[in-house]
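Undergrad: when you get a sec, could you give me coordinates for this:
(chains A, B and C)
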Amino acid sequence: METKQRYTFKKDEKLKSRKTIEQLFKDGRSFSNFPFRVLWKFTETVKAPLQTGFAVSSKHFKKAVDRNRIKRLMREAYRLQKNELQIQLTQGQKQLAVFIIYVGNELPDYDFIVEKTGHVLTRLIKITNENLAANT
RNA sequence: GCUAUCAGCCGGGUUAUCGUUCUCUAAUUUAUUAGGGGAAGGAAAGUCCGGACAGCACAGAGCAACACACCGGUUAACAACCGGCUUCGGAAUGUUUAGUGGAGACACUAACCAUGGCGAAAGAGACAGGGCCACAGAAAAUUACCGCUCCUCUCUUGACAUACUUCGACAAGCUCAGUAUGACAAGAGAGGAGUAAGGGUGAAAACGUGAGGUAAGAGCUCACGGGUUUUUGCAGUAAUGCAUCAAUCGGGUAAACCUUGUGUGCUGUAAUGCCACGUAAACCGGCGUUUGAGGGCGGCUCGUCCGAUGCCGAAGGGUAGGCAGCAAGAUUGUAACAGUAAUGUUGCAGCCAGAUAAAUGAUAACCGGGUGUUUGACCUUUAGCUUGGUUACACAAACACUUACAGAAUCCGGCUUACAGGCUGAUAGAUUUU
RNA sequence: GGCCUCGUAGUACAAUGGAUAGUAUAAGAGUUUCCGAAGCUCCAGAUUCAAGUUCGAUUCUUGACGAGGCCA
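TA: Here you go, the predicted structure:
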């Protein structure tokens, strides 16, 4: 992973456990960056260094096609930009669980999502650095 | 070729880069790499019907409840599908009649009738029963308010007949006048009976029109026409149709109750079975142990089975992971045969998603389809250009816009709803060309 | 995924198939008051949508749309 850059997003990197998600909603910390709301928590229960889930409210988007479309765009944008955060976490021996919720009301286009996902990821990197500094 | 209706079918493609899931093969560092293959629809949607499958007694009885309802067929099954019947709607066509225009041929308009492509029907029963029908109206279903007619009684008036004379014009009679009685006519009032023609209100008014008949009227009778039921004959498997005989005509509502017939046990793949992890058989209240609490997931009753370290309530604690179910089946494609068709039988070939915070994608370019505009195009005038008109048909180019509805979750058969656009067929109509 | 329930003024609820769909409250106007509140008077405002049955649907039937609930 450290030799060549591969933009993968496999099963292990998805946040799937119902239990961890409930923990995130209960104890996790969060911040908003429109159109996203991000939940995050350092936890030991997960295998991979970084696990991420995506969600869209079915109240805002009634049709499954629209929800799928947004989730696919988010996943694509995340996949292409998340490598830096992943490397940091591996070096720091930390496990991070992240859950990103789309709270906007309109169907976004791809460029908008890419830009906003970049903002979210830089903020997460900052948080990780602070956490590492505090621990050491 | 065009328009309309109906039925059936399809519903984008190629390349590049990065990526997801399942599976097979190989390699090893045992979770990665490399290669091959598969990966969303006609509605996957709504969850409206029907099944398969699973559990509850190899699912029992009665009531209740629910569903269905012309006939025949198809099917695993159905409220679905196919074919037919009946009723209704109806583009259009034709005959006749009337009106208008016209010298005429004829044209247009309207009405009746006939045919009628096509479409719709939750299409049993209102002679089993009760219920309801606001307002208006006499009356909303065996009813009678007004009116019409007849009879009886009373009163008034009129003229007639008979009898009588207290008084009067004149002595008597007659006449006039008066009184009483009788029957008659007219009018008024009361009572009884008949009547359903008239009442113009309403969504709906007692089969319709005409004639006879009658005290007045009435399907009371007759003629023509209409509806319902029924006998017989013919056609058809049947619904039904045609003819015929007889009876009958008293509104609507069953998508309000109901009646008749037929059918349905209930719950649903989060069913169900197995494995793993973890906790608490805490405490309190009530019931019960052969005199039976309670349960067997349906509303009630019965029956039957299970049933004691038990059950219920209250208050808490723990887990919410994996495997099977779960992808070879009422299967898909194709051909032949049977059938009007739905559909069935046989042969050949194929294996075609399996996720679980939920995969099947993202970006870019090009091509293809559709619509619109413009220019060529066509027409007129002209020797030609300009100008003007047409874009009905065919073709070409450029530009712009657009390329739908929508995402499997156990699986099938239907229904319903959404859908840019395209293709095919049938029927009807108008028109052009040959 | 499966199984259910419900849609009436801004809000909370009524209404035998039948007159102008009612009540409370909120909103608006007026009155009262030095001003405001409360009170009083008045006014506007709705049957989720579309078909069907019926003479006539908030009510009955069907479909669509929307809202809510339950499951191991």
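Undergrad: how many neighbours does residue A:76 have?
TA: 16 (other Cβ atoms under 10 Å). C-beta: built from backbone N, CA, C; applies to glycine.
Undergrad: before we move on, what about residue A:123?
TA: Residues near residue A:123, counting by other Cβ under 10 Å: 14.
Undergrad: wasn't it part of a helix?
TA: Yes - counting by DSSP: H, G, I helix; E, B strand; the rest coil, residue A:123 is found in a helix.
Undergrad: what about it, distance to RNA strand B?
TA: For residue A:123, the distance to RNA strand B (Cβ to the nearest atom of the strand, to the nearest Å) stands at 21 Å.
Undergrad: which parts of the strand or helix carrying residue A:91 are buried?
TA: Per DSSP states H and E, residue A:91 falls inside helix A:83-92. Using 16 or more other Cβ atoms under 10 Å as the test for burial, helix A:83-92 gives A:83, A:85, A:88-89, A:92.
Undergrad: now, the most widely separated pair of those residues?
TA: Across the buried residues of helix A:83-92, no pair lies farther apart than A:83 and A:92, at 15.1 Å, counting by Cβ to Cβ.
Undergrad: near RNA strand B, which residues of chain A?
TA: By the rule Cβ under 7 Å from any atom of the strand, the part of chain A lying against RNA strand B is A:6-12, A:14-19, A:21-22, A:53-55, A:63-65, A:68-69, A:71-73, A:76, A:79-80, A:109-110.
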